[in-house]
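Participant: Let's see this in three dimensions:
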Amino acid sequence: MRHGNNHAVWRNLTDRFPHPYTRKDAVRWIRRVTEQGSPPQSFAVVFQDEPVGGVGFERMQDLNRLTAEFGYWISEAYWGRGFATEAALFASAYAFAQFDLERLQASVLEWNEPSRRVLEKVGFTLEGRLRKNCVKEGRVVDSFVYGLLRHEVKARSPS
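Facilitator: Numbers count the residues shown, from 1 in each chain. Predicted coordinates:
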């Protein structure tokens, strides 16, 4: 909860991630992850026995059922230390190893250059810029869509 309740973190995420991020929100997330079944699709990013972020994916529906939306967040206190890259490497390899997915995709708001670099390091390819398709903080902004296909994933063992 302490790391999630940060405006700088929230402004880079979908509005499903609330702000302020309260204890109730943290408990709700833990319950949802606990109940998601096996194999899991969401993980805490932990450093020295403390959760400092999250990573996961969610299968899309209908025609896009072999695609999952991919996302992650890291506490601002740990930005620039490789946590997001390691978490994304693990979760992308895991997603393809455990599920029949053919594609992962991630959207990044126009101002979030560090997240774009993380996705590129992991092997995601920039597929397009969606102009004025998101609303965040009362602003209508662009987003960048990245994709990673099963055969492109960089193998990474869990650590």
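Participant: Mind listing what's buried along the host helix or strand of residue 8?
Facilitator: Taking DSSP states H and E as the criterion, the element that holds residue 8 is helix 7-10. For helix 7-10, the neighbour count (16 or more other CB atoms under 10 Å) marks 9-10 as buried. Any C-beta I mention is one placed from the backbone N, CA and C, and that applies to glycine too.
Participant: pLDDT on that helix, on average?
Facilitator: The average pLDDT within helix 7-10 is 92.
Participant: Packing partners of the helix or strand hosting residue 89?
Facilitator: According to DSSP H and E, residue 89 maps onto helix 83-98. If you count contacts as 3 or more CB pairs under 8 Å, 6 or more residues apart in numbering; DSSP states H and E, helix 83-98 packs onto strand 42-47, strand 50-59, strand 67-74, strand 103-109, helix 113-122.
Participant: Buried residues, that helix. List them.
Facilitator: Here helix 83-98 shows 83-96 as buried, counting by 16+ other CB under 10 Å.
Participant: Same question for stretch 109-116.
Facilitator: 109-110, 112, 115-116.
Participant: what do you get for stretch 120-134?
Facilitator: Of all the residues in stretch 120-134, those buried under the rule 16+ other CB under 10 Å are 122-124, 134.
Participant: Can you find the helix or strand in the chain with the smallest mean pLDDT?
Facilitator: helix 23-35 (a mean of 84; mean pLDDT, DSSP states H and E).
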